[in-house]
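J.: I'd like to go over a predicted model; first the sequence, then the structure.
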Amino acid sequence: MIDFKEILEYSRKLSEGFLKGKKNKLLKKEHFISVEDQENLLNDLNDKSYWAEREKNLAQIDTDIAWKNIQTRIHIPQTNKRNYWRYAAAAVVLFGLGLGSYYYSPWDSFFQVNKNLNHQIIVSGSDKAVLTLEDGNEIELAENTSFSSKDANLADNNLLYNPQETTSEVRYNTLTVPRGGKFQVQLADGTRVWLNADTQIKYPVSFIPGKTREVELVYGEVYFEVTDSKLNDGSPFIVNQNRQKIEVLGTEFNINAYTENNLIYTTLVEGSIAINTSRSSSILKPGQQAINKAGINDLEIISVETSYATAWKDGFFMFQDETLSKMMQQLSRWYDVKVEFLSTEKQHYTFSGSLKRTDRIEKLLNNLELTGEVEFEIKDKTIMIK
């Protein structure tokens, strides 16, 4: 049985994609649809006879005539054919994924399965990580596993460190999330950290009271929810990451620092952070993103809709005018697949859309193919784009 709150949350994310990141205030309120209407909606969505009747009605629609009627009401910007298809691609991805995200059957019957996909099932990522202790011992953490030590324990796929005690020495642990994984950890000071696929962080088992709290993002993408320095004897929180150092007093922010990009994206959601590099320093305000480009002297600061940078933490992919190359880069980490472009030109095609991270990747591939601009073939967990 699907849950109305899930539908509401996904609708909010999807609408923000349509609205180019602007907030949909109406969808923040659950009561804008009555409880009775919610129950009726859910009953329909879970009633197979409802969908059978719907499919019957859809089969009676003359799509050619319907499309001609729609065309007369759509204004298409004056542009070349390739750009036209980019607009079409954005619409198809948004509408297609919005329809199929919560009810796999019979929703899946609405998607034509491309024979080139070979019906191979690509499994989405899950909670898993490797914890490396100070002595070098490695412990695999995953769903339905248990772990407990004098320093930490595993609860609901969340690694929780014990509240920090007075200590004069610093011991470090390392948490590594592989491709196809995600994980959460709560540090000894109460700071919460979300780790995306293919990510590694190093952090103290406990912090010395009054001393700077320092952690290291070795590589990958993390979201920090840092406890206020006032609750930690005034100790500032520092995140070290190769080319930059971030000083925090108490805030929420996202760092994307995958090594293959030569770019570090730091996005501030709440509070204030100072970013220091060997060349420059900047203070971010909420809604700003700092881009650290290798070989460039100054940080580039831009205003962004933060939900696009942090959607992964909430269980979504959200793309806005994103190149196919970057889209597939993100998807390949989560679904743990390889991507090969047989046509290098198509790396630069841009699309917009939203996808729940627990959905099958075939949904996205099928909808992208409907644009007529790209084709996909899957062989041995390699997605070939032509």
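T.: Perfect, thanks for sending it.
J.: From now on I want contacts and neighbour counts done on CA atoms only, so please keep to that.
T.: Noted.
J.: what is the mean pLDDT for stretch 234-242?
T.: Averaged over stretch 234-242, pLDDT sits at 91.
J.: swap in stretch 292-305?
T.: For stretch 292-305, mean pLDDT is 88.
J.: Quick one: distance of it to the chain centre.
T.: Taking Cα atoms, centre = their mean, to the nearest Å, the mean C-alpha location of stretch 292-305 is offset from the chain mean by 21 Å.
J.: Then stretch 151-169?
T.: Centroid separation for stretch 151-169 versus its chain: 26 Å, with Cα atoms, centre = their mean.
J.: Pull out the buried positions in that stretch.
T.: Neighbour counts over stretch 151-169 (16 or more other Cα atoms under 10 Å) mark Ala152, Leu154, Asn157, Asn158, Leu159, Leu160, Tyr161, Asn162, Gln164 as buried.
J.: ok, now stretch 307-316?
T.: Result for stretch 307-316 [16+ other Cα under 10 Å]: buried residues Ser307, Tyr308, Ala309, Thr310, Ala311, Trp312, Lys313, Phe316.
J.: Strands - which of those land there?
T.: Phe316 (DSSP state E).
J.: Each with direction, which strands does the helix or strand harbouring Glu214 pair with?
T.: Under the criterion of DSSP states H and E, Glu214 resides in strand 213-225. Its sheet considered, strand 213-225 pairs with strand 192-195 (antiparallel), strand 199-204 (antiparallel), strand 237-241 (parallel), strand 252-257 (antiparallel) by DSSP bridges.
J.: among the ones you listed, which is nearest Asn276?
T.: Nearest of those to Asn276, taken as Cα to Cα: strand 237-241 at 9.7 Å.
J.: what does that closest one contact?
T.: 212-219, 226, 229, 245-250 (Cα atoms under 8 Å, 6 or more residues apart in numbering).
J.: Make a PyMOL selection of whichever of those residues turn out to be buried.
T.: The PyMOL command for the buried members of the contacts of strand 237-241 (criterion: 16+ other Cα under 10 Å) is given here:
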select buried, resi 212+213+214+215+216+217+218+219+226+229+245+246+247+248+249+250
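J.: farthest-separated two in the contacts of strand 237-241?
T.: Using Cα to Cα, the two most remote members of the contacts of strand 237-241 are Tyr219 and Ser229, lying 25.2 Å apart.
J.: Please settle this for me: is Ala52 part of a strand?
T.: No. Read with DSSP: H, G, I helix; E, B strand; the rest coil, Ala52 is helix and lies in no strand.
J.: Kindly check the end-to-end length of stretch 223-234 for me.
T.: Separation of the first and last residues of stretch 223-234 by Cα to Cα, to the nearest Å is 22 Å.
J.: Flag every buried residue along that stretch.
T.: Result for stretch 223-234 [16+ other Cα under 10 Å]: buried residues Tyr223, Phe224, Glu225, Val226, Thr227, Asp228, Ser229, Asn232.
J.: Just to check, the fourth one is in contact with Glu252?
T.: What it means is Val226. Yes. Counting by Cα atoms under 8 Å, Val226 does reach Glu252; the two are 6.3 Å apart.
J.: So what's the residue count around the residue nearest to Arg279 when sequence neighbours are not counted?
T.: Distances taken as Cα to Cα, 6 or more residues apart in numbering place Asn297 nearest to Arg279, at 5.8 Å, with adjacent residues excluded. For Asn297, the count of nearby residues is 12 (other Cα atoms under 10 Å).
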